[in-house]
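Enquirer: just a sequence and a predicted model for now, questions to come.
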Amino acid sequence: MSEKHDDLPAEGPNDELERWERVRQKLRSELGDAIFDSWFAGLEFDRVENGLLHLTVPTKFLKSWVQSRYQERIQARTASEFPNVERVVIELRTPNRKPPRDGATSVAQAASRPRLAEASAPAEPAIAVAASKRAAKTAVRPDNDQMSGSPLDRRLSFATFLVGPSNQLAHAAARRVVEPRQCDNAPLFNPFYTHAAVGLGKTHLLQAMAHEAANYKRRVVYLTAEKFTSSFVSAISAQTSILFKETLRGIDMLIVDDVQFLRGEWIQQEFCHILNALIDAGRQIVVAADRPPSELETLDERVLSRLKSGLCVDIGPLDEGLRFKIVEARISAARQKQPTFAVSPEVVTYVAKTITTNGRDLEGAVNRLLAHSTLNGAPLSIATAEAAIRDLVQTQEPKRVKIEDIQRLVASHYSVSRNDILSARRTANVVRPRQIAMYLSKVLTPRSLPEIGRRFGGRDHTTVLHAVRKIEALVAKDRQVAEVIELLKRVLSEQ
């Protein structure tokens, strides 16, 4: 019998690799392709020795991440394939690491290794190959000489940012954030969050911060939320997501504009991980949106919690004095291209008083004046200016109604509390006000049905839809209800 046992082949490295590949497939099946490709693409089998299964990864960050979040899961999945293994060990793979014992390679390496004449050449780790081939295409590669990320407009600097009562605090805080002594020490305002309606200067302020930080030789990346999302998805597709995240973690300042457009649970989770890593490492985060964090219903709670923990400053509507300065600055810029362009102080004052919306409309007004002046060849009068900017006068945005205001007003009108409306109570004196509040939220705000449902105690969107249809039917047949709805709408618009 012993002779027969001696004739049996011993288990070779290929058997171990096959078993490890089965473990990988189990992990891929459980976690999904996106997570697996992001975190496990660089995880390679090395050896089984003294009851330990040795795995390697290319970076310290990946080692820390896999150990802290997936070590137990890997251990559990290897138990059935490697019954003699007591523990899984994850080690850092050095660039000059020798191939696994007996010349064994990972399945991923074997699949990508050149055949025939090139078969004897040692294969590099898959993640290193991807990084070397695609480094030039990586979405973010900051260095001291060049900013990467979304394009920056050199005109949008602190020198051209006009300050008034509505943006004075935001401007002062932004200047403080990029000061050298602020960057060298633990950031005082971190994250720095600013919000404003369209055209009030938040993008100008963020890009000015990016330029100023770069002047101080800080590694800074400016990204819109859309650019962050597309870059990260591209990195996943190119299998360079680890390089993407590690590059971001190596910068001094991350600036993200229009964060309200950050969509997708997975993308938001990754964004949250990056925020946490940078803040914990003492790096500066700057974020801008069109509303305060408390109103960003689509963002993950963990992201909102981080954003709320720093300094939050709003940029308010432009006062008349600031509008006057903006008009003068735009006229001065236009005169550099058209020296004969002249606008009287009376016309400047008229434009500043009439266009009350935002800076972009003021710039549009100056462009219209320039067109009338150069094309007609006649001096600009108040009457000419009135005709030129007529289409801009009615562009003022309607007042933004908040769901919280609707809930409070309806509760007060029907003598119930806001907590009653948000509760699970189904008594008649609560159900009707709740339905009316849902209806007004759908009619007066841009929020979707699921968002409204979440703001009403976490209800399903079908509940909101039922309430909207119910009130629509009542308004059509019950004059008293219709009058109450109109009254509530008028009060909300005048608040």
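Expert: Nice, thanks for sending it over.
Enquirer: any low-confidence regions in the stretch 151-300 of the chain?
Expert: 181-185 (pLDDT under 70).
Enquirer: what segments of it are helices?
Expert: Counting by DSSP state H, counting those that start in this stretch, one finds helices in the stretch 151-300 of the chain at the ranges 168-177, 180-184, 202-215, 225-237, 241-249, 265-280.
Enquirer: now do the stretch 301-450 of the chain
Expert: Along the stretch 301-450 of the chain, the segments classed as helices by DSSP H, counting those that start in this stretch run 301-308, 320-337, 345-354, 359-376, 382-388, 390-393, 403-413, 418-422, 428-444, 449-455.
Enquirer: ok, which of the helices of the stretch 151-300 of the chain comes nearest Glu328?
Expert: helix 202-215 (16.6 Å; Cβ to Cβ). Heads up, the C-betas are built off the backbone N, CA and C, glycines and all.
Enquirer: got the contact list for that closest one?
Expert: Identification of contacts with helix 202-215 by Cβ atoms under 8 Å, 6 or more residues apart in numbering yields 147, 152-154, 156-158, 160-161, 167, 170-171, 174-175, 177-178, 183, 194-196, 220, 222, 252-253, 255, 257, 286, 288, 315.
Enquirer: swap in stretch 410-423?
Expert: Contacts with stretch 410-423, where a contact means Cβ under 8 Å, 6+ apart, come from 404, 407-408, 429-430, 432-434, 436-437, 440, 456-457, 484, 488.
Enquirer: which residues does Ile251 contact?
Expert: 142, 219-221, 278, 283.
Enquirer: in TSV, list those along with distance to Ile471 and neighbour count.
Expert: Below are the contacts of Ile251 laid out as TSV (distance: Cβ to Cβ, whole Å; neighbours: other Cβ atoms under 10 Å):
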residue	distance to Ile471	neighbour count
Pro142	52	22
Arg219	54	18
Val220	50	27
Val221	47	25
Leu278	46	22
Arg283	49	22
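Enquirer: out of those residues, which sit inside strands?
Expert: Using DSSP state E, 220-221 are the members of these that sit in strands.
Enquirer: redo the contacts of Ile251 as a markdown table? Include distance to Lys63.
Expert: Putting the contacts of Ile251 into a markdown table (distance: Cβ to Cβ, whole Å) gives the following:
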| residue | distance to Lys63 |
| --- | --- |
| Pro142 | 23 |
| Arg219 | 24 |
| Val220 | 28 |
| Val221 | 24 |
| Leu278 | 19 |
| Arg283 | 21 |
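Enquirer: nearest to Leu92, out of the helices of the stretch 151-300 of the chain?
Expert: Of all the helices of the stretch 151-300 of the chain, helix 241-249 sits nearest to Leu92, with 13.4 Å by Cβ to Cβ.
Enquirer: check which helices and strands that closest one is in contact with.
Expert: Applying 3 or more Cβ pairs under 8 Å, 6 or more residues apart in numbering; DSSP states H and E, we find helix 241-249 packed against helix 33-39, helix 60-81, helix 126-134, helix 225-237, helix 265-280.
Enquirer: torsion angles phi and psi at the closest residue to Arg47 other than its chain neighbours?
Expert: Nearest residue to Arg47 in three dimensions, chain neighbours excluded: His54, at 5.0 Å (Cβ to Cβ, 6 or more residues apart in numbering). Torsion angles at His54 (phi, psi; degrees, to the nearest 10) stand at phi -90, psi 120.
Enquirer: pull the number of nearby residues for His54.
Expert: Residue neighbour count, defined by other Cβ atoms under 10 Å, stands at 17 for His54.
Enquirer: my guess is it contacts Leu43, does it?
Expert: No: applying Cβ atoms under 8 Å, one finds His54 not in contact with Leu43, separated by 11.4 Å.
Enquirer: thinking again about what came up before, ranking the helices and strands packed on helix 241-249 by burial, who's on top?
Expert: Across the helices and strands packed on helix 241-249, the average number of neighbours (mean count of other Cβ atoms under 10 Å) peaks for helix 225-237, which reaches a mean of 19.
Enquirer: list the residues that contact the residue nearest to Phe82 when sequence neighbours are not counted.
Expert: Distances taken as Cβ to Cβ, 6+ apart put Leu53 closest to Phe82, at 5.7 Å, once the chain neighbours are dropped. By Cβ under 8 Å, 6+ apart, the contact list for Leu53 reads 45, 78, 82, 85, 87-89.
Enquirer: what strands flank the helix or strand containing Leu53, and is each parallel or antiparallel?
Expert: Assigned by DSSP states H and E, Leu53 belongs to strand 52-57. As defined by DSSP bridges, the strand partners of strand 52-57 come to strand 44-49 (antiparallel), strand 87-92 (parallel).
Enquirer: now Ala41: which helix or strand?
Expert: Per DSSP H and E, Ala41 falls between elements, in no helix or strand.
Enquirer: per-residue confidence at it?
Expert: Ala41 carries a pLDDT value of 78.
Enquirer: quick one, phi psi at it?
Expert: Per-residue torsions, Ala41: phi -60, psi -30 (degrees, to the nearest 10).
Enquirer: quick check: it touching Gln239?
Expert: Yes: using Cβ under 8 Å, Ala41 makes contact with Gln239 at a distance of 5.7 Å.
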